[in-house]
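>>> Sequence and computational prediction follow.
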Number of protein chains: 4
Amino acid sequence: MKNVRMCIIGGGSRMWAIEFMRDLTMHDDITGTLVLYDRDYDAAKRNVGVADQCFKVNHWEGHVKVVAEKEIGKALDGCNLVIISIEPGRTECRWGDLVLPEQYGILETVGDTTGPGGIMRARRSIPLFTGFAKEIKAHCPDAWVINYTNPMTLCTAALYREWPGIKALGCCHEVFHLENFIADKVAQWFKVPRPDRRDIEVDITGVNHFTWITKAAWNGNNLLPRLMELAHDPKAFPDETKIAMERIEGKKWFDCDHLVALALLRDFGALGAAGDRHLSEFIPWILRDEKELWRYGVVRTPYEWRLSERDRKLHKVFTDEELKSKPTDEEGVDIMRSLMGDRTLYTNMNRPNVGQVSFLPQGRIIETMNYLRKDEIVPSVASDPPLAVRQMISHVSDVQQMTLDAICEHDDELLFRAFVNDPLVTIPLSQAHELFEKMLDACKLEY
Amino acid sequence: MKNVRMCIIGGGSRMWAIEFMRDLTMHDDITGTLVLYDRDYDAAKRNVGVADQCFKVNHWEGHVKVVAEKEIGKALDGCNLVIISIEPGRTECRWGDLVLPEQYGILETVGDTTGPGGIMRARRSIPLFTGFAKEIKAHCPDAWVINYTNPMTLCTAALYREWPGIKALGCCHEVFHLENFIADKVAQWFKVPRPDRRDIEVDITGVNHFTWITKAAWNGNNLLPRLMELAHDPKAFPDETKIAMERIEGKKWFDCDHLVALALLRDFGALGAAGDRHLSEFIPWILRDEKELWRYGVVRTPYEWRLSERDRKLHKVFTDEELKSKPTDEEGVDIMRSLMGDRTLYTNMNRPNVGQVSFLPQGRIIETMNYLRKDEIVPSVASDPPLAVRQMISHVSDVQQMTLDAICEHDDELLFRAFVNDPLVTIPLSQAHELFEKMLDACKLEY
Amino acid sequence: MKNVRMCIIGGGSRMWAIEFMRDLTMHDDITGTLVLYDRDYDAAKRNVGVADQCFKVNHWEGHVKVVAEKEIGKALDGCNLVIISIEPGRTECRWGDLVLPEQYGILETVGDTTGPGGIMRARRSIPLFTGFAKEIKAHCPDAWVINYTNPMTLCTAALYREWPGIKALGCCHEVFHLENFIADKVAQWFKVPRPDRRDIEVDITGVNHFTWITKAAWNGNNLLPRLMELAHDPKAFPDETKIAMERIEGKKWFDCDHLVALALLRDFGALGAAGDRHLSEFIPWILRDEKELWRYGVVRTPYEWRLSERDRKLHKVFTDEELKSKPTDEEGVDIMRSLMGDRTLYTNMNRPNVGQVSFLPQGRIIETMNYLRKDEIVPSVASDPPLAVRQMISHVSDVQQMTLDAICEHDDELLFRAFVNDPLVTIPLSQAHELFEKMLDACKLEY
Amino acid sequence: MKNVRMCIIGGGSRMWAIEFMRDLTMHDDITGTLVLYDRDYDAAKRNVGVADQCFKVNHWEGHVKVVAEKEIGKALDGCNLVIISIEPGRTECRWGDLVLPEQYGILETVGDTTGPGGIMRARRSIPLFTGFAKEIKAHCPDAWVINYTNPMTLCTAALYREWPGIKALGCCHEVFHLENFIADKVAQWFKVPRPDRRDIEVDITGVNHFTWITKAAWNGNNLLPRLMELAHDPKAFPDETKIAMERIEGKKWFDCDHLVALALLRDFGALGAAGDRHLSEFIPWILRDEKELWRYGVVRTPYEWRLSERDRKLHKVFTDEELKSKPTDEEGVDIMRSLMGDRTLYTNMNRPNVGQVSFLPQGRIIETMNYLRKDEIVPSVASDPPLAVRQMISHVSDVQQMTLDAICEHDDELLFRAFVNDPLVTIPLSQAHELFEKMLDACKLEY
């Protein structure tokens, strides 16, 4: 792990970039250079300052040199690792993603992955990722590329569509939430100290944010029967409307108790493997009526909060405490270490289908388990979920494929096919046409 | 075509059975026996009388002997051809199929094929068809079996699930409507006398009532570009609300102008190939709001009318005029003639997938073009429609597979998976559970 | 069938071109132009004279104007139909195809389709067909193209590889031989006048010259059990060594009694559907030892005879008798009529796999049954033969794909992979390398 | 690893059983019971004595109790692990396997896996394995089952065919030989101490003994280009006839220099991954002529030696030295430890295809890489080899499937299809029939 050259595209970010730097300081043996590239060069420069502060707090000075770079080509030159974590377009773009659909009765909880909002966000993101793939091919073709940007599946797919030779993967922590949920249950069921989520052995399948756990074991104990029993216990599904109200009050947009994940297990035979706010967006039965959503304790992140949060972060001064290194669930640095040959890792990632998922075409970006070792990611064959789940995943993956093709080929007629086939779009056809045109206009304004 | 032994299961029916007999009289060279079997033996006997009247009107006495038979085994013994056209359960069963979903905001136009109503109707039909397959295997294993009963796909699938060796096909006239629609356009475009629908050369794919035309030609002219142009002309989509009102007024439940079929071509790239009232039930965007439906000139057949119509037919006395033979679009007799080796025929039918439809698993019942000759049906490879259409058909076919498996395995938990995944079920999950239970109760009452 | 413009590439041929013209004269309603194009312009001109003689003999003057054309582009301009029937390279090229392998113990009966000879012949043909595809695309993109040239599969594949939009088919009469063989048996079994081969209803699958009959019926009688019984009767396999000797003596290279076809039915469960001299070249058990071949009454066409036959045909003057029209088994004109909309036809052809053959990848050129109507060829789904047959066909098709790719990509290392994997190449690896190099040299000399 | 109950079926074996016991003694933390079951009860009892000697030599007394058991049901009761390593039929059976084919010019080097000998050995083994599967299902359904018996693929397949729920895997060390071969090259290329074979990161695909290495890396260095360069160096293929003679002289039947493996890389683009004596039996170009075989330094194990070796082993008294524990390449105990949750392991195994191998049907037993952890084997997706290799593997796997079906269904006509389609059977068809009948007779005699 000596002399590693890393680049963060979106290096001016106030969240992922800083978390990554903080995670780095947990590792004494890493040295090299970290290049921060951002369309907003000033933001990247600001983060150089945060890096200095962070390394000092953690007594890690001298390990890694952090620099901001104006040109992407120079930033990428000779890199071993590239991390992409960007916001495609200004936060104001999200008005079209979130508020317009609402006017037509289409609710979204997040709106960055799927649904009308996700599709329009993809329309802004994909051209950027096409560009990144070109630059990476030209400047650091051997680098491993970790994408954190949403829509995860489509951004990663855009990289591969532009350059099939890219060594890219999409990294997301949503599955970890369910591993933690199961770890809590294990502590309770077996009366043992809560195991680390890494000790919950799962098999997963699906697409990012619509992943499903098909196997779960701990210490050789098959946990599926216990989870299934739980899912069939009506007491496991209290009406959480009151809790939802408190979450709204407290701006706890990201909290949930995984009742949607559990309802999916009950009704479809596999456990949802992402936060409920994400899962809800892939199916038409939760978001149709906000009251239904609240029953599960899930709340929608408002557009206004996104704006104010952006502003808050922009001017945020990090305290030393915030920058102090501590174990997290994020895996960026672990993945890097594994690919550099330092250890092996068995974890979930978003990668092109080469046979992992039997029921999707080759090439689709899917999220399954992989075995990582030096300079290699070996995909496992994912277990097949029940037919209903296969059908729902296929539906979503097909819509994603149409979205990708439509955007890359500048074909808005095809994009409408994707749009109207999205599971959330159950409004009258004439209204769907109207909304689509409006969102397209909003989308064009912004980029 | 001498000494053919035919049996109609549902031989007491006041519609199909009589139409079939009337069609027979168009063919001078047919002789043999026609056995009418019906759970309601009296109805079958009544139809023997209608047969006498019909044959007399058409000067066809002496050709075919018509008898009613009480036991199904005896009825089937030694048959060359079996026609199945039944009503599964009394018409009152349809209250659960149609009225209950309405109470939860789920509208259906027909409710006998798909959607909550179709699924419950399947739950009543499939055990009957399983029984028919057993009897046919035992009494006339070499007979060709033509099914006309809805849900067409699932009833036919039930025959094959019980006995894969059965020589069965599902026969439906909905595709003909679109061939006629295109024939009208050809007359207009080419300024020629309206061609017979059989001269419109089409390729189709899909499942019954959710079939799609992927190719259309007349006299070597590719018609797709012209149809596509039409579909992109806003004038082709006038607001037909007023027409819909007139149709309701005049009880013209079955009429339509194929605007939904055309909208599917516009939005998805292939022409719908069934009446609009059927097509609408497979997609969530038309029926969500009755006003949207009316804009396309489509109206819903009311439960009350079904009841009164049943009563009307029950006591109906056929006039000689009604029984006079005349050319129709029905193909039952043509199919029989072809399978007896009298001619060849190239037409659409519902058969198990052995490779016709690339994007569905083997064994699924699909509707595509077939070449018929003596004792053989040779399936054509159907052209692939655009991805959006493949996805929609797969969705429906998967739901059908779950329905079939659930009913055959008496697994109502699996049946709920089918139910909630039906494209029409976009209501909140808790309501879906509630409605399902109510429909199940209604369904149990009736059979 | 008025004003058809046809072109024969290889119009100087002394066989196919003339047979095609003779077949034309059977049809009173055809008028138009026939362009003869040949690399040997004089040969084409000579055939214009033969055409005059032929049309006169058959009182068909004035129907079709026959012209020779020097430039291929001009020849193709505006054509509705293109026929390709060429000899790739001079007959002397066949020395390398036939004699060299013999020196290494690899016997071939024909050597134009498969085996070392077929592969080298492909190496000479494929670049020509790539060129034809380009010209057709440029000059008559809507024309139907019928190829008669061997190696049939690879020549047809080369057309599609160069231009996937081409409307080409490969036409071969070998399957007809087996239909005739079965027709003879029907006369014998049912004590009826020998039926026309077109009344034997077959299903076939495979690749050209290695086709297999999986179903056979006559008048509704399933013939497979009778054929299978025949194949299991040792008396059906007399030692035909003496007959073989007589055939050699009489230069009856093309004769056979279909014992190899029948042995394939006995040993693998499907009837071979090409002449035995072709079938034998696809399997390693017949040609390994010439004595084994003779037992089946099959003889090998010698290189010397091919040379002398070429010379004989070159200077041949056709008698009026030879040019008199008469019914033949060739289908070129029937196919043309069907594609022009004059009738329908159900027959075997070589076309790209779009789902006809379940066990081969899409795009491979396969030979199966098709339904022809105006401007359209609708492929049937072919029944699956037993696993052993699927494996043998796959083997051959894979070798063909490697051959095609190798030649188009000028990759002789890949070509060796095809060569050594050919079922006839069972010689020691070191000798295989040696032979391959020698054949490559011989091949290069000639073209 | 406490209180493990293990059973060896074939516990009287003088090789595997004893090696396994010796390997056990390397692990201080294992305790439990080892049951030796053998059709020859006396042999099992003899091995209890060897166990005592072995444990004493290694100061391992008290860890594991070794008992011989007469009834298989009792032997298996409550086992956690079952090892199967048997000889199907007496060694004299091998006369038919090896000597008869030789009389027809079919040479085999081993004759226990594939070719005529392997097929007949399968005919003796498969019924035994069907029986084992039944017993395991009845007595220890949760046990992991490790099979070492050849024909590996077919014996393992027989277990799954009888009971799809079995947790079985086939374990073979042949791939390790190539890992060791590569490790030697690494030492040479990179001038480093020879790495352990476990540090050579490979991807493999295929069926047992006909496995192929598609990827190879060491310390992040892609080794394929270097191996390919080696394979294209004529100096890498000296004529080893003299070495072969020495090997015959010295009875070094198992030795080779991997020239066949390397020739496969040269000619087909992937490195063979088994000893040359195994690889040669799957292709027709090496064994056709014994002189060709010797050029690669490979020799055939004679039938007579097998007899005398059997006798030698039968009466062998093990020296203490021989029973002393030492690190070996065998993985039986490592696999057991991993499945008991003690560690993870990433290694090659023979398992049913669930998607690992894209080009073979689901359910076929294939050999690829797997990730082992507590009570779970997670299969990796194997990289696709070039088309020629896919074709050769498919050929072999199809023959295996036919063999399995034929034997389980007692269908010797189908077995002949497998037999004659085996790549080694390139003799005239009439001789193939003759040989098959003779081998069948010999096979029946023996069991």
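Received it, and whenever you're ready, just let me know what you need.
>>> The lengthiest helix in chain A vs chain B: in contact?
Longest helix in chain A by number of residues, with DSSP state H as the criterion: helix A:115-139. No: figure legend: helix A:115-139 not in contact with chain B (CB under 8 Å from any CB of the partner chain); closest approach 13.5 Å. To be clear about C-beta, it is placed using only N, CA and C from the backbone, and glycine gets the same treatment.
>>> elements contacting that helix?
helix A:72-76, strand A:81-84, helix A:94-103, helix A:152-162, helix A:387-408, helix A:412-421, helix A:429-446 (3 or more CB pairs under 8 Å, 6 or more residues apart in numbering or on different chains; DSSP states H and E).
>>> State the mean pLDDT of the longest one.
Mean pLDDT, computed over helix A:387-408, is 98.
>>> just to revisit the earlier point, distance to chain B and mean neighbour count for the helices and strands packed on helix A:115-139 - can I get that in JSON lines?
Shown next, in JSON lines, are the helices and strands packed on helix A:115-139 (distance: least, CB to the nearest CB, whole Å; neighbours: other CB atoms under 10 Å in any protein chain shown):
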{"stretch": "helix A:72-76", "distance to chain B": "33", "mean neighbour count": "19"}
{"stretch": "strand A:81-84", "distance to chain B": "27", "mean neighbour count": "25"}
{"stretch": "helix A:94-103", "distance to chain B": "15", "mean neighbour count": "20"}
{"stretch": "helix A:152-162", "distance to chain B": "14", "mean neighbour count": "25"}
{"stretch": "helix A:387-408", "distance to chain B": "4", "mean neighbour count": "23"}
{"stretch": "helix A:412-421", "distance to chain B": "4", "mean neighbour count": "21"}
{"stretch": "helix A:429-446", "distance to chain B": "4", "mean neighbour count": "17"}
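>>> mind giving me a markdown table with those and columns for distance to C:Glu437?
Output for those, formatted as a markdown table (distance: least, CB to CB, whole Å):
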| stretch | distance to C:Glu437 |
| --- | --- |
| helix A:72-76 | 47 |
| strand A:81-84 | 47 |
| helix A:94-103 | 65 |
| helix A:152-162 | 41 |
| helix A:387-408 | 46 |
| helix A:412-421 | 52 |
| helix A:429-446 | 62 |
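>>> Find the closest residue to chain C in the stretch 201-350 of chain A.
Nearest to chain C, among the residues of the stretch 201-350 of chain A, is A:Val207, at 25.2 Å (CB to the nearest CB).
>>> Checking the residue nearest to the spatial centre of chain A next. Helix, strand or coil?
For chain A, the residue nearest the mean C-alpha position is A:Cys172 (4.3 Å; CA atoms, centre = their mean). Here A:Cys172 is coil, with the state taken from DSSP: H, G, I helix; E, B strand; the rest coil.
>>> Same check on A:Asn370?
Classified using three-state DSSP, A:Asn370 is strand.
>>> Report the contact partners of it.
A:346-349, A:351, A:377-380 (CB atoms under 8 Å, 6 or more residues apart in numbering or on different chains).
>>> re the thing from before, what sits against the residue of the stretch 201-350 of chain A closest to chain C?
A:153, A:350, A:364-367, A:393, A:396-397, A:400.
>>> can you pull the contacts of the closest residue to A:Leu107 other than its chain neighbours?
Excluding the flanking residues, the one nearest A:Leu107 by CB to CB, 6 or more residues apart in numbering or on different chains is A:Leu287, at 4.6 Å. Under the criterion of CB under 8 Å, 6+ apart, the neighbours of A:Leu287 are A:106-109, A:280-281, A:293, A:424.
>>> Show the model's pLDDT score for A:Leu287.
A:Leu287 is given a pLDDT of 94.
>>> That one: which element?
Element membership of A:Leu287 [criterion: DSSP states H and E] is none; it lies in no helix or strand.
>>> got the residues of chain A near chain D?
Chain A comes close to chain D at residues A:201, A:203, A:215, A:217, A:219-220, A:341, A:344, A:346, A:354-356, A:358, A:369, A:371, A:373-376, A:378-381, as judged by CB under 8 Å from any CB.
>>> Strands along chain A, start to end?
With DSSP state E, the ranges of strands along chain A come out as A:4-9, A:32-37, A:64-69, A:81-84, A:144-147, A:167-170, A:200-207, A:210-218, A:221-222, A:271-272, A:345-352, A:365-373, A:376-379.
>>> what's the second one packed up against?
Same thing as strand A:32-37. strand A:4-9, helix A:16-24, helix A:41-57, strand A:64-69, helix A:72-76.
>>> Just give me how far that strand sits from the chain centre.
On the basis of CA atoms, centre = their mean, to the nearest Å, strand A:32-37 sits 23 Å off its chain's mean C-alpha point.
>>> Direction included, what does it pair against?
strand A:4-9 (parallel), strand A:64-69 (parallel) (DSSP bridges).
>>> Give me the angle between the first one and helix A:115-139.
Calculated by axes from the mean of the first three to the mean of the last three CA atoms, to 10 degrees, strand A:4-9 forms an angle of 140 degrees with helix A:115-139.
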